[in-house]
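Chemist: next comes the sequence, and after it the predicted model I'd like to discuss.
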Amino acid sequence: MTIVMALIGFVSPFLPTILKLIQSRVDNAHELKMFGLQMQMQAKAHEFKMQEVEALADIQTQTAVLKPLPSYGVRFLDAAKDSGMWKPLVALMVVLYSILDWVSGMVRPAITYAAFTFYIVYKWSRFEMLKAIAPDESKAELVAKLWDAQDWNVLVLVLSYWFGLRASRYAFGKR
């Protein structure tokens, strides 16, 4: 028992230092773990910030794309309003710019109407060729032969575009 008491007496002065070392080691491990978690959180925050920047850029791009083009006539009138130009010249320029605006606005519809007209002419010519090849078949059978999977794809594409456009305008309040 004396030996045990002597050992306890000998070790007891070192006990606070040993406890401090153990506590320091636990604290350091905890700090390292917290530092690692903070680094992960900062990486995630940076990733979310980049996603936000990309989303804002997409929104700004869509806004710029969907923004209506400024009218040449309106811009000319704004410039000519205070310039003191001769009024008949201003009127002539406004008429010319109005025609230019109309031509500019008709590019996409004209291409659409031309493509649809070519499609109808192509189908009509195929119908006439089928009628010449098989004169005994009814017109309904010939039309059924004309209508293939590609025609269904075109029909679905056009209908989904127009009804999707209508639904998006309804959903986003741009009637």
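Modeler: Structure received.
Chemist: now Phe172: how far from Ala57?
Modeler: 19 Å (C-beta to C-beta, to the nearest Å). Using the backbone N, CA and C atoms, a C-beta is placed for each residue, glycine as well.
Chemist: now the lengthiest helix in the chain: mean pLDDT?
Modeler: Determined from DSSP state H, the single longest helix within the chain is helix 15-66. Average pLDDT, helix 15-66: 89.
Chemist: next secondary structure element downstream of that helix?
Modeler: As assigned by DSSP states H and E, the chain's next helix or strand after helix 15-66 is helix 72-81.
Chemist: center of the chain - which residue?
Modeler: Nearest to the mean C-alpha position of the chain, by C-alpha atoms, centre = their mean, lies Asp58 at 5.8 Å.
Chemist: contacting residues for Phe76?
Modeler: 90, 93-94, 97 (C-beta atoms under 8 Å, 6 or more residues apart in numbering).
Chemist: can I get these in JSON lines with secondary structure and neighbour count?
Modeler: Below are the contacts of Phe76 laid out as JSON lines (DSSP: H, G, I helix; E, B strand; the rest coil; neighbours: other C-beta atoms under 10 Å):
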{"residue": "Val90", "secondary structure": "helix", "neighbour count": "16"}
{"residue": "Met93", "secondary structure": "helix", "neighbour count": "16"}
{"residue": "Val94", "secondary structure": "helix", "neighbour count": "16"}
{"residue": "Tyr97", "secondary structure": "helix", "neighbour count": "17"}
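Chemist: save those residues as TSV, and put in distance to Phe116 too.
Modeler: Below are the contacts of Phe76 laid out as TSV (distance: C-beta to C-beta, whole Å):
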residue	distance to Phe116
Val90	39
Met93	35
Val94	33
Tyr97	29
